[in-house]
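Student: below are the sequence and a predicted model; questions follow.
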Amino acid sequence: MPYQRITLTHFLIQEQRRLGGSGSFTGLMTDIVFACKMIAHEVNRGALAGNLGLAGSENVQGEEQKKLDVLANDIFMQMNSRGGNYGGMASEELEDVHAVTGAAEGKYLLLFDPLDGSSNIDVNISVGSIFSILRLPDGASCVDEATYLQQGVQQVAAGYALYGSSTMLVLTTGNGVNGFTLDTNVGMFLLTHPDMTIPADTKEFAINASRSRFWEPPVRRYVDECLAGKEGPRGKDFNMRWVASMVAEVHRILCRGGVFLYPADAENMKKGGKLRLMYEANPMAFIVEQAGGGASTGRTRIMDLKPTHLHQRVPVILGSKTEVDKLVAYHAEADGK
Ligand code: P6P
């Protein structure tokens, strides 16, 4: 019988009934889903729609924006302003937080990276959108950055869309991780990857090895041991991956295990690291932990970090629990703890 698979909307309704939660995840996700479907359409059209190349502008990070960075951000802002769920939003592409006008009832905050990995767009490698949902504290102001600076453990939900060979949406609401694939024939996300779980052990690590000259000793030790293979201290051969698109890396880890490292190094520590805490590290850490993995800076659990500013950067080590725990132990040893 066709259409056996459950839609994202029906999944969320069933989850709410099962958990008796008052939160309306269906409402919270509706506008995000619209935005991701539209972005998928624009990404998939690529050159045909004149969507490739540079926008001729820079974002708050001082990075050259791609046309699709700007378009994806506009789509996320517009779509998520209409449902009345969000009192305010924050984007990698915008310097300041954005209060949603006329959303007096908006009880949540949406933080997002509208198009992560955009350096891959022009060469047709997978990119994605990352989002994190926080509660709007009673009496707090959506124009005040401090309202958004909540620890990762406060997240209500987090997820990503992956614009790859198929378009997928992977989501956690704090009760495990589930993956949905977009059926473009009917425009619906259908449950294809229920209860995604990261294997504790792996033979695959992902790091930008061109930065090895900057690495701290515990990271160098870990990578060297992996490269030593079965004759080395790990007693097994490892494989390396680097897609330069965090969404693609995390998705691979959710599907088959692995560890992803964008660690602190001698060059990036001046800025605190490379990846942003509020709309990259925290949502991915929530997802990875909910799938049984670990997510650390190497020294601190990412979701325990107390944010200091909206575009704060942090070191990120996440994935298979055994490997993350080993890396944390190596950092502690190097720090003399
Ligand atoms: P590098 C993309 O710009 C990103 O934020 C992540 O998606 C990705 O993992 C990383 O940066 C890639 O960094 O040093 O390879 O350009």
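Tutor: Perfect, thanks for sending it.

Student: which residues of the stretch 101-250 of the chain lie near the ligand?
Tutor: Proximity of the stretch 101-250 of the chain to the ligand, by CB under 6 Å from any ligand atom, involves residues Asp116, Gly117, Ser119, Asn208, Ala244, Ser245, Met246. C-betas here are computed from N, CA, C, even on glycine.

Student: for the residue of the stretch 101-250 of the chain found nearest the ligand, what are its contacts?
Tutor: Ranking the residues of the stretch 101-250 of the chain by distance to the ligand (CB to the nearest ligand atom) places Met246 first, at 3.3 Å. Taking CB atoms under 8 Å, 6 or more residues apart in numbering, we find Met246 in contact with Asp116, Gly117, Gly128, Ile130, Phe260, Tyr262, Leu275, Glu280, Met284.

Student: just the strands in the stretch 101-250 of the chain please.
Tutor: Applying DSSP state E, counting those that start in this stretch to the stretch 101-250 of the chain gives strands spanning 108-116, 127-135, 157-163, 167-172, 177-183, 188-193, 204-206, 239-241.

Student: out of these, nearest to Leu305?
Tutor: strand 127-135 (13.2 Å; CB to CB).

Student: could you give the average pLDDT over that closest one?
Tutor: For strand 127-135, mean pLDDT is 97.

Student: partners of that strand in the sheet?
Tutor: When pairing is defined by DSSP bridges, strand 127-135 lines up against strand 108-116 (antiparallel), strand 157-163 (antiparallel).

Student: go through the first one and flag the buried ones.
Tutor: The one in question is strand 108-116. Residues Tyr108, Leu109, Leu110, Leu111, Phe112, Asp113, Pro114, Leu115, Asp116 are the ones in strand 108-116 that count as buried (16 or more other CB atoms under 10 Å).

Student: leaving out chain neighbours, which residue sits closest to the fifth one?
Tutor: The shortest distance from Phe112 to any residue that is not its chain neighbour, by CB to CB, 6 or more residues apart in numbering, is 4.3 Å, and that residue is Phe131.

Student: any idea how far Gln78 is from that neighbour?
Tutor: Applying CB to CB, to the nearest Å, the value for Phe131 to Gln78 is 15 Å.

Student: between those two, which one's more packed in?
Tutor: Using other CB atoms under 10 Å as the criterion, Phe131 and Gln78 rank with Phe131 on top: 27 against 13.

Student: identify the bridge partners of the more buried one.
Tutor: Phe112, Gly159.

Student: I'd assumed Leu115 was in contact with it.
Tutor: No: assessed by CB atoms under 8 Å, Phe131 is found out of contact with Leu115, at 11.8 Å.

Student: and for these two, which residues touch both?
Tutor: The contact lists of Phe131 and Leu115 share no entry, where a contact means CB under 8 Å, 6+ apart.

Student: hang on, the earlier thing: now render the strands paired with strand 127-135 as TSV, adding distance to Val223.
Tutor: Shown next, in TSV, are the strands paired with strand 127-135 (distance: least, CB to CB, whole Å):
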stretch	distance to Val223
strand 108-116	24
strand 157-163	26
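
Student: redo these as a markdown table? Include mean pLDDT.
Tutor: Output for the strands paired with strand 127-135, formatted as a markdown table (pLDDT from 0 to 100):
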| stretch | mean pLDDT |
| --- | --- |
| strand 108-116 | 97 |
| strand 157-163 | 97 |
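
Student: tell me which of those sits nearest to Lys337.
Tutor: Using CB to CB, the strands paired with strand 127-135 put strand 157-163 closest to Lys337, at 29.8 Å.

Student: tell me the most packed of the residues of the stretch 101-250 of the chain next to the ligand, by neighbour count.
Tutor: Counting neighbours by other CB under 10 Å, Asp116 leads these with 27 neighbours.

Student: give the burial count for the closest residue in space to Leu171 that isn't next to it in sequence, as a bare number.
Tutor: Leaving aside its chain neighbours, Leu171 sits nearest to Gly159 (3.8 Å; criterion: CB to CB, 6+ apart). Each residue near Gly159 was counted by other CB under 10 Å, and the total is 27.

Student: re the thing from before, which entry within the residues of the stretch 101-250 of the chain next to the ligand corresponds to the minimum pLDDT?
Tutor: Minimum confidence in these sits at Ser119, scoring 87.

Student: that residue contacts Asn208, doesn't it?
Tutor: No: using CB under 8 Å, Ser119 is not in contact with Asn208; the gap is 11.9 Å.

Student: what's the overlap in contacts for those two?
Tutor: Ala244.

Student: okay, now the unreliable bits of this structure?
Tutor: Residue ranges of the chain with pLDDT under 70: 1-2, 21-23, 102-104.

Student: need the helices for it, in chain order.
Tutor: Per DSSP state H, the chain carries helices over the ranges 8-19, 25-45, 67-79, 217-228, 246-256, 282-290, 321-334.

Student: and those helices as JSON lines, adding distance to Tyr163?
Tutor: Below are the helices of the chain laid out as JSON lines (distance: least, CB to CB, whole Å):
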{"stretch": "helix 8-19", "distance to Tyr163": "16"}
{"stretch": "helix 25-45", "distance to Tyr163": "4"}
{"stretch": "helix 67-79", "distance to Tyr163": "10"}
{"stretch": "helix 217-228", "distance to Tyr163": "30"}
{"stretch": "helix 246-256", "distance to Tyr163": "8"}
{"stretch": "helix 282-290", "distance to Tyr163": "16"}
{"stretch": "helix 321-334", "distance to Tyr163": "27"}
